[in-house]
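sequence? don't have it. structure:
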């Protein structure tokens, strides 16, 4: 080991990767066979200073955070259908009057074209007559 002088009374050891960065008291060299061991002359190890995370690590953490928030929003953001439309509760033959007991409001998502031609209120069917045979579960329009 070749010592490199650092400060008064200490030297940095230069050798294998396992002992790099150690500060060693100069007084400890040549004392390996001494009978008494003085703690003041034992090697002093100085831990390297922790560095701040690199820019790539910070950017990666930000991306993970954004992905987690996005997944949470997508998982909790779906509230289901926002509109309800009239569907038949029973088969209604051609020419029969349609009453409020024959239909129910069911929540569903429809395309704009179908939604614009579908009934949304019970008042719209009172007194109406079926112009064709209607099956149970059919959307009224």
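Done, it's in. Remember, predicted model here, so these are calculated numbers, not experimental data.

Flag the shaky bits of the chain, pLDDT-wise.
Filtered on pLDDT under 70, the chain yields the residue ranges 1-41, 78.

Next, the spatially most central residue of it: phi, psi?
The C-alpha lying nearest the average C-alpha coordinate of the chain belongs to residue 68 (CA atoms, centre = their mean; 1.6 Å). With angles defined as degrees, to the nearest 10, residue 68 sits at phi -60, psi -40.

show me the contacts for it.
The contact partners of residue 68, by CB atoms under 8 Å, 6 or more residues apart in numbering, come to none. Just so you know, the C-beta spots here come from the backbone N, C-alpha and C atoms, and that holds for glycine as well.

Over to residue 90?
The contact partners of residue 90, by CB under 8 Å, 6+ apart, come to 102, 136.

For this structure, which segments count as helices?
Using DSSP state H, the helices of the chain run over 55-77, 112-116.

Can you give me the distance of the residue nearest to the centre of the chain to residue 57?
Residue 68 sits 17 Å away from residue 57, going by CB to CB, to the nearest Å.

what's the answer for residue 48, then?
On the measure of CB to CB, residue 48 and residue 57 end up 18 Å apart.

Also residue 64?
Noted for residue 64: a distance of 11 Å to residue 57, by CB to CB.

do residue 102 as well
Residue 102 sits 65 Å away from residue 57, going by CB to CB.

Comparing those two, which shows the higher neighbour count?
For the pair residue 102 and residue 57, the greater number of neighbours falls to residue 102 (20 against 10), based on other CB atoms under 10 Å.

Do I have it right that that one meets residue 89?
Yes - contact criterion CB atoms under 8 Å: residue 102 and residue 89 qualify, at 5.8 Å.
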